[in-house]
Structure formats: C-alpha cells, structure tokens
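# Attaching a predicted model along with its sequence, questions to come.
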Amino acid sequence: MSKSTFRTARAADISKAREGDTVTVAGWVSRRRDHGGIAFVDIRDASGLVQAVIDPGEIPAAQDLRMEYCISVTGTVRPRPEGTENPQMPTGSVEIGVESLTVLSTAEALPFMLDDRVDVDERTRLQYRYLDLRRPTMAANLRARSTAVAAMRRVMDDLGFLEVETPTLIASTPEGARDFLVPSRHHKGSFYALPQSPQLFKQLLMISGVERYYQVAKCYRDEDFRSDRQVEFAQLDLEGSFWDRDDVLETLEEIVCAVVESVRGVRLSRPFPRMTWQEAMETYGTDKPDLRFGMPIIDLTPMLAPSEFKAFSSAVEAGGVVRGINAGPQESSRSKLDALVERAKEIGARGLVWMVVEDDGALRSPVAKFLSESELSGIKSALQAGPGDLLLMAAGEWRTVVEVLGELRLDLGKPARHEELAPLFVIDFPTFEKTGDGGLAPSHHPFTAPVDVSQMEEDPENSISKAYDLVLNGSELGSGSVRIHDAGVQAKVFEVLGIDSETAERRFGWFLEALRYGTPPHAGFAIGIDRFVSILQNEPNIRQVIPFPKTQTGSDPLTGSPTAVEEAQLLELGIKLRLALKA
RNA sequence: GGGGGCGUGGUGAAGUCAGGAGUUCACGCCGGCCUGUCAAGCCGGAGGUCGCGGGUUCAAAUCCCGUCGUCCCCGCCA
C-alpha cells in the first residue's frame, strides 16, 4: 500500500510483527463496546478489522463514537492481555492502544444493521447500496469480482489478445432481444441502440487484422428480469482469427481455470467434458445440464409402447416418447406429489405419472393398476429403482417430455450450494429452431457457421451449427461459435431465415460488404461475468455480485432511475410523448 | 403479457387462516451505570396512518376488491 496522508497502516497489517510500533489506522467504527472506563472500538477498513482500545481517562471522545463513524486513531500496537485474544479475528492477538483519535466524519443512525445476520429487504438495501456494500459478504463479492476479472485480463494478455473497446451507441437490429434505444439529437426521429453484444464489431476487428481481440463489455437487453438476468450485464467478449472451435474451447478452459483458481483457490481438472446438444437434451432435458448430480432421463418408449395404459401407448402411437427419471428418495406426501404434477403441467406436460417404491418393492401409484406386472418390473429395473425412490414419467412429444423431466430433475436434485464446480461444453447445437409462427430463427445468432452449408440448404431444420456453450453447474456461462467468414454463406443463412436479400442488404449491407475484403476464418465467445462470479460466490442471484443492480421493473431505488426528463430535452430530440396510454 | 409469495416502529420477525384497544420478541436508536470486551452486560426511555385507496361489519393489521412496491416463476431472453 502506498503512503497515505491519513494512515500509516491498514487494519489487516496490525500484527505481532509490529508490536511496539506507533501506527495510525483509518476506517469505520464497526462495533463499539464501551465499558465506562475502558472502551473497545473495532475499526474496519477495506483490509479487515482491528481492535482499538481506549483506556480510562485518556480520550474523552470515546463515548461519543457511534457505529459507522469514519475515524482515525493513532496508537501503539500491543499484544492483547493473556486470555483476551480473539481467535475468530485475523488480528485477534493484538490491539492498538489509542493515544489520539480523530473523527473524520460522523454517521447518522443507520437504516439497517451492516452485519450479515439479517436479510434486509432488498429495496432498502439498494436504496442505501453504499452502506449495503460495506457489509462483509457484499464487500467480499466485490473483491471476488475484481479478482475474477483480473484473472481474465491476465490470461488474455498472456495469450497476446488485444483489448479493444467497441462503441455502445450503435445501430438497432430488430432481430433477437429487444434493444434499448437512445434518441439522436442530430438526426431527429432516428435512434441508436445499446449493444446486446459487440458481435459485429469484433468480427470487423477480425477483418481488420487484429487476430486476437477481447473486451470486458457491458451489454444491454431490454427483456424481463430474472434472478440470473439483468438488462445491463458484463461479458468477457473474445474473438480469434484462424481459429476453429477447439481453439476457442481450449482458451476458455484456460480462462475458467485461472478464474476459479484465483477466486476459489482450487484447480479444475481438464479437459472439461463435452456433450452434444442432442445428448444433453436426451439425458438431462436441457441444453445446460447440471452435472453435479445424476438422475438421468431414461427412455421407456419401447417398453411401454404396447401398454394398456393409454396415456403412454397413445402418445407413442402419435409419434411421441415415454421417458422417466428416478428422483431418488423424496418426500412423497400427496400435496408434494400434486405440486409436482402441477409444476409439470405449468412447464407444458399433458400430465405426470409418479410412482413411489414401497419397502417391499411394490410400486405405489394412481396408475399402477393400468400397468402389467412385467411393465412395472421393467420400469423398476430401467430406472434402477430401490425402496423409497420416487419415479416420475411423462409421455408425449419428445422435446416437451425431456424438458419437463429435465426441469423436475432440477427441482428435485439441484444442490443448494455451489461447493462443487462442474463445467462442461455443450457442442453441436442445431443451427435453427422453430418459431411460434412456423418460421425458423437462429438458435445462436445468424452469423454462426453451419457445419455443412449444402446440407443446411436442403434440410435447415436438421442442420447442425458450429456453436457451443460453456455451462457451469446448470448455468449457461456463455456461448460462442465459429462465424461465417464468407459473404455467400452468410447470404444463404439469411435466405433460410426468411430475410430477403433486400432486407439483408438494408440492415447488414455494411457488414456483408466487409466480409468481401479477405475475411479470415474466425471464432469467438462471450462469458457472462455476473453469472460466473455469483456461482463462485455461492450467491443465488446476480444482484449480489453487481455493485448497483436494478430491480425487477428496471428501476434503481438509489438514484430513482429511470426518471422523467425536462420538456426542453424532449424538444431538442424532436420527441413528443403520447402518455395516458393506460387511462 | 400471465401465475405465485411478501409489505406490521429504523431493521428482522410473530400476530392475519379463526375480525374485538397497536399487542409481543430480538436488533438498532436515546439516556444512565459499568476497567478486558469482541453480537459486551445491566437499568430506563422514545419510536408504528399495520404500503396506499375503497368496500363488508357495531368493530378490520386480520375478510373482499383495486392499486403501488418488491421477490420468485412461466412467456420472453437471436
């Protein structure tokens, strides 16, 4: 730590090694224990806590100290008297015998306690975020985030990546997520958009010959909030020329391992597992499987197709499947089971069949009477069921069935805390997915290269792309792909997407033109920093690792944003509001 | 766009299902006592339009309707 006008040591620096030294420490009053004669003050700074002792009669100001006053004390470092050491505290064997004390700044009575013992209403915490961030877990989260980003930058720098900033006022593209729009004063009636990602700019940088680019980029998507989604979020964005998929994946492993090691102090084993999208869906019912636990989805279709039980057999007749999972020992009260059925329907299932394995091996289920002995024992052996296990089965269209079971698998099996870290790559995503109106949409983005272009043109629905995701503990940490570097291929993809050449030219003409000037093959990725750090810190939502997040309705209780603006500002922009939309 | 939970002194909770005086507990705050504590302790005190609006009722924190805020989920998030 460099020299400071205000202090000669940080709280955490006070140790036996400095016994007898006169030091000045500055920080906040974390706790004050005034015994009338003697008083103890725990001084907190960014490094930690140290106890200052104000002896009787010495410092009259002591009794006026209140929590979170900002103070500095000068005194002598001394060992604590025998028997009064505090082993819970890193500096617990020493204390500062205060000789002089300065109140740098007083503090009003706090809106909430700054320890971690109570869960204060989050709105109040956000309103006083500057106080909330003084709390130990929040301060630790900020530090972890900084450590993670520093590790990312270190790896990128070591690998020769160039950090390049791309603009945040860009052209809007109606595809994908909703854009945040910013009105232009010079071009009235026109708008910038805030970037959903630096996608096209980093591809331009590849055309520019940068070869290896990265950026810690703020990205914006005007969609609804979730516990793992904010409209404004940070990504480690990267791209490399003369790169194929495996070049990206190996680099990602290096980044992830460096971050995990710097934040958690553990080494992940490499290489990370790889799973095709098809396998992930088939086995775990999701494209972001949580590999910390098993409970795989098992195919019961051949066994149950001939069943007397119509829910199974008619589903198969209609081209569907029957799948099941063994959820292991679960609470199997009627209300719990009813809730599972409700949940399954909410996700889209026609129904859900449950079976509980009794101690004698018999299956207790509302539908047991419709199934033959051999079918019941077949189910048991396929699901490796033992006494006490809860078995869940669903029948119907493949995608719906596996997604429902995948969701229930998470509800029933997901570990509460991220003690173990289970990363994997999901590869071979479909190039397109069906939209509600029967058209096709890119499953990643329209600049993703298909594995086989002519196959894509013939049978786009079954086209596989060179896209991949990084998944950690069931969270999508990020995604990337090998990009299209050929203008002709890019045009074909737009065609499949139903974007005619005129529209493509109007929206992306500048980019399609750029592709025609010697574009190197390139590939890249973006890692969601907020999600990554929240998993590493065992936080259930990303707001815990974002210094100043927004609430679910996109407001900031601290600054009051978003706010109305002056009429004059609107006038300058040529904007007239049409209010009373709700009235 | 939809479903659900929550809203009670500054903070956290109980009370709400089953209506009967703003009742209770912990922390904080204010004052006093106290020379080895570390969530210090002991004594005393202040502090609330039960989110807001309407309705039902002799009577509403409690029941009903609406609304606002917040959290979780579905849709959405190429």
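Thanks, I have the structure now.
# what sits up against the helix or strand bottoming out on mean pLDDT in chain A?
Lowest mean confidence among the helices and strands of chain A (mean pLDDT, DSSP states H and E): helix A:334-347, at a mean of 81. By CB atoms under 8 Å, 6 or more residues apart in numbering, the surrounding residues in contact with helix A:334-347 are A:Gln330, A:Gly351, A:Leu352, A:Trp354, A:Leu392, A:Ala394, A:Glu403, A:Val404, A:Glu407, A:Leu408, A:Asp411. Every residue, glycine included, has its C-beta placed from N, CA and C.
# Just the buried residues from those residues, in PyMOL please.
To isolate the buried members of the contacts of helix A:334-347 in PyMOL, using 16 or more other CB atoms under 10 Å:
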select buried, chain A and resi 330+352+354+392+394+403+404+407+408
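# possible to save the contacts of helix A:334-347 as CSV with distance to A:Leu268, secondary structure and pLDDT?
Below are the contacts of helix A:334-347 laid out as CSV (distance: CB to CB, whole Å; DSSP: H, G, I helix; E, B strand; the rest coil; pLDDT from 0 to 100):
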residue, distance to A:Leu268, secondary structure, pLDDT
A:Gln330, 31, coil, 86
A:Gly351, 41, coil, 84
A:Leu352, 36, coil, 90
A:Trp354, 37, strand, 92
A:Leu392, 32, strand, 94
A:Ala394, 34, strand, 93
A:Glu403, 28, helix, 93
A:Val404, 31, helix, 92
A:Glu407, 27, helix, 92
A:Leu408, 29, helix, 92
A:Asp411, 27, helix, 88
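# tally of neighbours for the residue lying closest to A:Glu476 once chain neighbours are set aside?
Counting by CB to CB, 6 or more residues apart in numbering, A:Glu476 lies nearest to A:Lys288, which is 4.7 Å off, once chain neighbours are set aside. Neighbours of A:Lys288 under the rule other CB atoms under 10 Å: 20.
# do A:Lys218 as well
14.
# One more: A:Gln384?
9.
# How about it, nearest residue that isn't a chain neighbour?
According to CB to CB, 6+ apart, the nearest residue to A:Gln384 is A:Asn326 (6.2 Å).
# Over to A:Phe511?
Nearest residue to A:Phe511, sequence neighbours excluded (CB to CB, 6+ apart): A:Leu200, at 5.5 Å.
# picking up where we left off before, show me the contacts for the residue nearest to A:Gln384.
With CB under 8 Å, 6+ apart, A:Asn326 has these contacts: A:Met295, A:Ile298, A:Leu383, A:Gln384, A:Ala385, A:Asp389, A:Leu390, A:Leu391.
# A:Val453 too?
A:Val453 neighbours (CB under 8 Å, 6+ apart): A:Val489, A:Lys492.
# distance of it from A:Arg543?
43 Å (CB to CB, to the nearest Å).
# Also A:Ser227?
Taken as CB to CB, the span from A:Ser227 to A:Arg543 is 8 Å.
# Now stretch A:221-232 - C-alpha only, PDB.
Extracted in PDB, the C-alpha atoms of stretch A:221-232 (Å, rounded to 0.1, in the frame of the first residue of the first chain):
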ATOM      1  CA  ARG A 221     -31.100  -6.400 -23.500                       C
ATOM      2  CA  ASP A 222     -34.400  -4.900 -22.800                       C
ATOM      3  CA  GLU A 223     -36.100  -8.100 -21.600                       C
ATOM      4  CA  ASP A 224     -37.700  -9.100 -18.400                       C
ATOM      5  CA  PHE A 225     -35.600  -9.700 -15.300                       C
ATOM      6  CA  ARG A 226     -34.800 -13.000 -13.600                       C
ATOM      7  CA  SER A 227     -32.600 -13.900 -10.700                       C
ATOM      8  CA  ASP A 228     -29.800 -14.500 -13.100                       C
ATOM      9  CA  ARG A 229     -30.700 -11.800 -15.600                       C
ATOM     10  CA  GLN A 230     -30.300  -8.000 -15.500                       C
ATOM     11  CA  VAL A 231     -30.900  -5.800 -18.500                       C
ATOM     12  CA  GLU A 232     -27.400  -4.500 -18.200                       C
END
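# what residues does it touch?
A:177-180, A:196, A:218-220, A:233, A:475, A:530-531, A:534, A:540-543, A:546, A:549-554.
# just stretch A:292-301 next, same as before
Counting by CB under 8 Å, 6+ apart, residues outside stretch A:292-301 touching it are A:282-285, A:316, A:321-328, A:378-379, A:382-383, A:393, A:402, A:405-406, A:409, A:412-415, A:420, A:422, A:473-474.
# How far off centre is that stretch?
Remark: stretch A:292-301 is offset 25 Å from the chain centroid, using CA atoms, centre = their mean, to the nearest Å.
# Quick one: mean pLDDT for it?
Averaging pLDDT along stretch A:292-301 yields 95.
# What are the buried residues along that stretch?
Across stretch A:292-301, burial judged by 16+ other CB under 10 Å covers A:Arg292, A:Phe293, A:Met295, A:Pro296, A:Ile297, A:Ile298, A:Asp299, A:Leu300, A:Thr301.
# hmm, back to that, can you select the buried ones from the contacts of stretch A:221-232 in PyMOL?
Only the buried members of the contacts of stretch A:221-232 end up in this PyMOL selection, burial being decided by 16+ other CB under 10 Å:
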select buried, chain A and resi 179+180+196+219+220+233+475+530+531+534+541+542+543+546+549+550
